[in-house]
Structure formats: C-alpha cells, structure tokens
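K.L.:
Give the three-dimensional model of this entry:
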Amino acid sequence: MRRNVISLGLVWLTAFNLRVILFAIPPVLPAIRSDLGLSYSATGTITSLAILVLGAASIPGALLATRYGARRLVAICVAGLGVFTISLTLPPAVFWVFAGSALLTLSIALAQPPLAVLIRRWFPDGIARASSLYGNGLLMGNVVGASVSPFMSRALGWRGMFLVWAAVALVGVLLWVRFTPRDQVAAPRSNLGAIARDPRVWQIAALFTFQNLVYFTVATWMPFLINDRGPGFVATTLLFLNFFPIVPLFALSFVRWQYALSTTFYVVAGGLAALGSLGLLLGLADLVRPLAFMVGLGTAAAFVASIALPPLIAGDESEASTYSALMYTAGYLLAFTGPITAGMLVDATGTITSAFWPPLVGGILMAVVGSLAPRLLTRSRAAAAR
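P.N.:
Now for the predicted structure:
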C-alpha cells in the first residue's frame with residue numbers, strides 16, 4: 001500500500017515536470033525576444049518547434065520503451081529534461097534557446113508513451129484513479145509553469161527561472177530511480193501498422209489536434225497582447241487561462257457520465273474556445289480575463305477527454321500505448337502550425353490581435369469535429385463489444 005502511494009506520488013510529480021517547464025516558456029517569450037532581438041515570427045517558432053517535436057517523437061517513445069524498458073526510459077527522459085532546460089541559459093543564447101527548447105521537448109515526448117504503460121502495469125486495479133492523478137499532474141504543471149513563472153522571471157530573470165525548474169526535474173528523477181518499482185517485463189510490442197489503419201485512432205487524433213492548436217497559440221500570443229500591463233497582470237491573467245478552468249473539470253472524476261464519448265461535451269468545448277478567441281481577435285483587452293477563461297475551459301475540457309479515450313477504446317495495454325503515441329503524433333504535428341502562423345500574421349499586419357485568427361478557426365473546427373467523431377467512436381466501441 002505504501003509503495004503504491006509513493007509510486008502514485010511520483011507519477012504525479014513526473015507528469016508535473018513534463019509540463020511545468022514547457023508551459024514556463026510562453027510567459028517569458030517577450031523577455032526572451034527583447035534580450036535576444038528576435039522577430040515575432042522567430043519568437044513564435046520557439047513554441048511551434050516545441051509542439052512539432054512533441055508530435056514527431058511520440059511514436060519513437062513507444063518503440064524505445066519496448067527496447068529499453070518503460071521505467072528506465074522515463075528516468076532518462078526526465079534527467080534529459082533537467083539538463084536541456086539548463087542549456088537554455090548557455091551561450092550562444094540564440095542557438096541554445098532554440099536547440100534547448102527542442103531537446104527538452106524531445107525528452108517530454110519520449111516519456112509520455114512509457115508512462116501510459118507503467119500506469120496500467122503498476123496499478124491494474126486502479127487504472128482510472130492513476131490516470132486521473134497523471135492528468136492532474138499535467139494540468140497542475142500547466143498552471144504553475146504558466147502562472148508562477150512570470151513572477152520567478154521578474155525576481156530571478158528568465159535564465160534563473162529555468163535553472164529553478166531544471167533543479168525540480170533533477171530532484172524528481174532521483175526520487176523516481178530510488179523509489180519506483182523496477183521493470184519486471186519489457187513494454188509490450190505493438191502492431192503499429194495495424195493500429196494506424198484503425199479509423200478510430202484518427203478520430204481520437206482529430207479531437208486532440210484542434211484543442212492543442214487553440215491553446216498553444218493563445219498561450220503564446222496573449223502575453224504580447226497584455227504585456228504593457230506588467231508581469232503581475234500577465235501572470236494573473238494566465239491563471240484564468242490555466243488554473244480556474246480546471247477547477248470545474250475536477251468534478252468529472254466523480255461522475256459516471258462518459259463525457260469523453262459525448263458529442264455535446266466537445267461541441268460546447270469548441271464553442272467556448274471559438275468565442276474566447278474571437279474576443280481576443282477583436283482586441284477586447286478589458287475582457288481579456290473572461291475571454292482567457294473561456295479558451296482555457298474549452299481546451300482543457302477537450303484535452304482531458306481526449307487523453308481518456310485511448311484506454312477507453314483500446315482492447316489491451318499494447319493498443320492503449322500505441323493509440324496514445326499516434327494521438328500525440330498527429331495532434332502535435334498538425335497543431336504546431338498555429339503559433340508560427342500567428343507570428344507570420346503579426347509580422348505581416350503589424351497588429352498583435354491578428355495572431356488570434358488561427359485559434360478562432362481551430363475553435364470552430366473543434367466544434368465541428370466534436371459533433372461527428374464521438375458518435376463514430378461510440379458505434380465502433382459498441383460493435384467491438386458484440
């Protein structure tokens with residue numbers, strides 16, 4: 001029992017570390033741009049590059065777990081996350097900001113599929129609880145990274161902030177190595193080709209894609225919209241994007257409703273994301289906090305539902321891992337276009353508000369896909385159960 005509690009805690013801490021550093025980057029992009037003299041397009045590329053790597057490395061993460069063991073791969077990746085976060089502070093600054101961001105994101109992407117395997121393996125009688133805790137760690141990493149980092153950056157500088165988060169990751173990997181149970185079996189081999197031909201995986205990926213595009217674009221460019229109001233205002237506004245929306249979502253852990261397969265759930269989520277993005281596009285700066293809350297609630301709801309789908313749809317541990325890897329791959333590879341396209345629009349028009357065209361389109365597509373995919377998934381699930 002005590003070992004399970006410790007393992008659950010370390011799953012939460014690992015999930016937290018996989019997000020806190022990634023989401024610490026957007027709030028300090030204005031400071032990085034100012035220090036390094038980057039264009040808006042180049043600044044947007046930092047986030048887009050991270051999203052691209054998240055997608056490109058997810059399938060290799062599943063394959064590497066099969067070869068080297070899921071627990072060992074997670075330890076190596078979290079150690080790499082700490083080291084590459086430190087590299088963001090090294091000279092030459094422009095090179096390491098881009099290279100370090102890509103490499104730390106590579107560590108995150110490779111760690112996600114083996115964590116799904118370990119959750120199923122370590123907690124066979126409590127998969128739902130462990131998955132919920134894992135999701136909570138990811139969301140809390142989002143919140144703390146986006147909301148606390150501006151204050152840390154103001155006190156320590158953006159380089160000092162990254163050093164603090166790197167230290168947290170390195171402490172986390174030491175605890176992981178010391179206290180988690182050793183691998184008894186290798187990660188399951190998966191038939192990637194067969195699962196890639198399953199239409200359900202692409203329906204899941206479609207639901208995952210557009211919420212990513214909306215969230216990452218808004219998280220990247222909203223600080224620019226309100227940067228003249230100071231880091232305190234930016235930090236508290238990011239609470240409306242990242243923290244306050246997850247409070248009502250905690251209730252989903254206590255209801256029997258299969259929200260991850262609900263058309264209404266996704267349509268409402270997409271509608272909220274689109275309306276919030278529209279307000280930002282129109283430059284309604286006085287309403288930026290409620291608009292941020294709408295975007296945050298819509299995208300967080302779709303995110304929580306999407307990551308719950310692989311274990312719901314898959315028939316076994318191997319399928320769940322590969323479904324997750326393909327979902328992350330397609331979702332992030334397509335979503336990376338959002339922040340960089342937004343940066344190009346800002347450079348072309350000279351107005352920050354034009355950055356919110358991509359999330360407006362993404363929110364609309366969230367609702368459209370959400371009106372179709374869940375019904376198809378429900379039918380295929382019912383057919384498989386017969």
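
K.L.:
Listing request: residues of the stretch 51-200 of the chain with sub-threshold pLDDT.
P.N.:
Within the stretch 51-200 of the chain, the stretches with pLDDT under 70 are 127-128, 183-190.

K.L.:
What are the boundaries of the strands in it?
P.N.:
Remark: no strands are assigned in the stretch 51-200 of the chain by DSSP state E, counting those that start in this stretch.

K.L.:
average pLDDT for the helix or strand harbouring residue 236?
P.N.:
Here residue 236, judged by DSSP states H and E, is contained in helix 231-242. Averaging pLDDT along helix 231-242 yields 83.

K.L.:
I'd like the next helix or strand past that helix.
P.N.:
helix 246-249.

K.L.:
Check which helices and strands that next one sits against.
P.N.:
Packing partners of helix 246-249 (3 or more Cβ pairs under 8 Å, 6 or more residues apart in numbering; DSSP states H and E): helix 127-179, helix 288-313. The way it works is simple: take the backbone N, C-alpha and C, and place the C-beta from them, glycine included.

K.L.:
switch the cut-off to 7 Å
P.N.:
helix 288-313 (3 or more Cβ pairs under 7 Å, 6 or more residues apart in numbering; DSSP states H and E).

K.L.:
Identify each buried residue in the helix it packs on, please.
P.N.:
288-289, 291-311, 313 (16 or more other Cβ atoms under 10 Å).

K.L.:
How far off centre is that helix?
P.N.:
Helix 288-313 has its C-alpha centroid displaced from the chain centroid by 11 Å (Cα atoms, centre = their mean, to the nearest Å).

K.L.:
Residue 104 touches residue 81, doesn't it?
P.N.:
Yes - in this structure, residue 104 is within contact of residue 81 by Cβ atoms under 7 Å, at 5.4 Å.

K.L.:
Need the overlap of contacts for the two.
P.N.:
Overlap of the contact sets of residue 104 and residue 81 (by Cβ atoms under 7 Å, 6 or more residues apart in numbering) consists of residue 21.

K.L.:
check contacts around residue 26.
P.N.:
47, 146, 219, 220, 223.

K.L.:
ok, now with 6 Å
P.N.:
Neighbouring residues of residue 26 by Cβ atoms under 6 Å, 6 or more residues apart in numbering: 219, 220.

K.L.:
ok, it to residue 342 distance?
P.N.:
Using Cβ to Cβ, to the nearest Å, residue 26 is found at 12 Å from residue 342.

K.L.:
do residue 279 as well
P.N.:
For residue 279 relative to residue 342 (Cβ to Cβ), the value is 16 Å.

K.L.:
Spit out the contact partners of residue 372.
P.N.:
Per Cβ under 6 Å, 6+ apart, neighbours of residue 372: none.

K.L.:
ok, now with 8 Å
P.N.:
residue 263 (Cβ atoms under 8 Å, 6 or more residues apart in numbering).

K.L.:
any idea how far it is from residue 267?
P.N.:
10 Å.

K.L.:
same question, residue 232
P.N.:
36 Å.

K.L.:
Looking at the two, which one has more neighbours?
P.N.:
residue 267 (18 against 11; other Cβ atoms under 10 Å).

K.L.:
State the helix or strand in which the more buried one lies.
P.N.:
Using DSSP H and E, residue 267 falls in helix 263-281.

K.L.:
helices or strands up against that helix?
P.N.:
Helix 263-281 packs on helix 199-226, helix 288-313, helix 357-370, helix 373-385, going by 3+ Cβ pairs under 8 Å, 6+ apart.

K.L.:
okay if I get these as a markdown table plus distance to residue 179?
P.N.:
Output for the helices and strands packed on helix 263-281, formatted as a markdown table (distance: least, Cβ to Cβ, whole Å):
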| stretch | distance to residue 179 |
| --- | --- |
| helix 199-226 | 32 |
| helix 288-313 | 25 |
| helix 357-370 | 39 |
| helix 373-385 | 37 |
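
K.L.:
Kind regards, and thank you for your time.
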